[in-house]
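Asks: Predicted model follows, preceded by the sequence.
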Amino acid sequence: MSQPPTPYARQYNFAGWSVSHPTTPHQGNKLDQEYNALLATVNATISRLGEIQKDDGTLRLTQAQVEALIAESEVLIDAMADAAIQAAAGGSHTHLISAITGLQAALDAKASEAALISGLAGKAATAHSHAIADVTNLQTTLNGKAASAHTHVIADVTGLQTALDGKSATGHTHAQSDVTGLVADLAGKASATNVGIAKAWVSFDGTTTPPTIKSSHNVTSVSRTNTGVYVINFTAAFADANYCWTASARGTGASYYIAYQSTAGNGQTASALTLVTSSASAPVNCSLVNVAVFR
C-alpha cells in the first residue's frame with residue numbers, strides 16, 4: 001500500500017492581509033494557490049481511498065490500517081477546516097466588541113458624545129466679550145487708573161514747578177548787557193542808518209589774474225572781464241543800485257590813472273559794481289585800485 005497523502009499546509013495568512021488592508025479585496029493569485037493546495041490534498045486522499053475500498057464498498061484494509069487511516073483523516077480534516085475558516089474571515093465580516101482583546105477597555109476610556117457636548121456647553125465661544133464685572137478685581141484696578149485722556153496740575157508732577165521757576169517765559173526779552181560780549185561787539189559796528197559810512201570798500205591789485213584783494217568790507221570777490229575792466233561783487237547786496245561810489249587807481253608808469261564807468265556795458269547793480277581803470281584814453285590794468293561805496 002502507498003504512503004498516506006501529504007497533509008494540507010496553509011499557503012497564505014488571509015487574516016493578516018485583512019488587518020493590514022481592511023478595504024482591499026484578497027489577492028486572487030493567493031486564493032488560487034490556497035485552493036490548488038486543498039485540491040491536491042483532496043485528490044490524493046481520494047486516490048488513497050480507492051486503495052482501501054473495494055468495488056462492492058467493503059474495505060481492503062486490516063483493522064490496524066483502518067485505525068491509522070482514521071487518525072490521518074482527522075488531522076487532514078482539521079487542517080482543511082482551519083484553512084476554510086481563515087479564508088472566510090478574510091472577506092466581509094464583523095466582530096463583537098468582546099471578541100477583540102482590549103477593545104472594550106479602550107472604548108471605556110474615551111469620552112462619550114454626551115460628555116463632549118456637556119463639556120463644550122461650559123466653554124465660551126471663540127469670539128466673546130466680558131463685562132467689567134465678570135473679571136475679578138478689574139473694576140477696582142480701573143478705579144485706580146487715570147483715563148487715557150487726562151491732564152495734570154503742575155503740583156502733580158514732582159519737581160516740575162521748581163524746574164519751571166528756573167526757566168524764562170516763552171515771550172521774553174533781554175537787555176544788551178544780558179548777552180555776553182554783545183555791547184562790545186555793537187560798539188565796533190556802524191549804524192545801519194548812518195549814511196556817512198561806507199557800506200562796502202575794497203583795495204585790490206588789478207594786474208594779477210584774478211585780481212588780488214588786499215583788504216575789503218562787504219566784498220566777496222573782484223574779477224577782470226577785459227583790460228582795465230573790473231567787476232566788484234558785494235557780499236550783502238544793496239536794496240537797489242542807487243548807491244554812490246568813488247575810486248582811485250595807480251599804475252606802474254609816470255602817467256596819471258583814473259577810475260570811471262563808460263557806456264560800453266559798464267554799470268552797477270544791487271549786487272555788483274563794474275568800473276574801468278585807464279591811463280590817458282586807453283584802459284590799463286592797475287596795480288592798486290581803491291573803491292568805496294556809500295548808500
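Replies: Yep, it's here.
Asks: Please enumerate the helices of this protein.
Replies: Taking DSSP state H as the test, the helices found in the chain are 14-20, 28-52, 63-89, 103-108, 113-121, 138-143, 160-165, 182-187.
Asks: contacting residues around residue 40?
Replies: Applying CB atoms under 8 Å, 6 or more residues apart in numbering to residue 40 gives no contacts. Backbone N, C-alpha and C define where each C-beta goes, glycine included.
Asks: oh sorry, the question was meant for residue 50
Replies: With CB under 8 Å, 6+ apart, residue 50 has no contacts at all.
Asks: And it, what's its pLDDT?
Replies: Note for residue 50: predicted pLDDT of 78.
Asks: Please apply the same query to the one 10 residues further on.
Replies: Residue 60 carries a pLDDT score of 73 in this model.
Asks: quick one: which of the helices of the chain is nearest residue 260?
Replies: Set against residue 260 and scored by CB to CB, the helices of the chain come closest in helix 182-187, at 37.3 Å.
Asks: rewinding a little: which among the helices of the chain is found nearest to residue 130?
Replies: Between residue 130 and those, the shortest gap by CB to CB is with helix 138-143, which sits at 8.5 Å.
Asks: Now do the closest one: distance to the chain's middle.
Replies: Distance of helix 138-143 from the chain centroid (CA atoms, centre = their mean, to the nearest Å) equals 38 Å.
Asks: about what we covered before: which stretch in the helices of the chain is the model least sure about?
Replies: helix 182-187 (a mean of 68).
Asks: how close does residue 252 get to residue 279?
Replies: To residue 279, residue 252 is 10 Å away according to CB to CB, to the nearest Å.
Asks: same check, this time on residue 162
Replies: 77 Å.
Asks: Ok, residue 24 next?
Replies: In this view, residue 24 and residue 279 are 123 Å apart by CB to CB.
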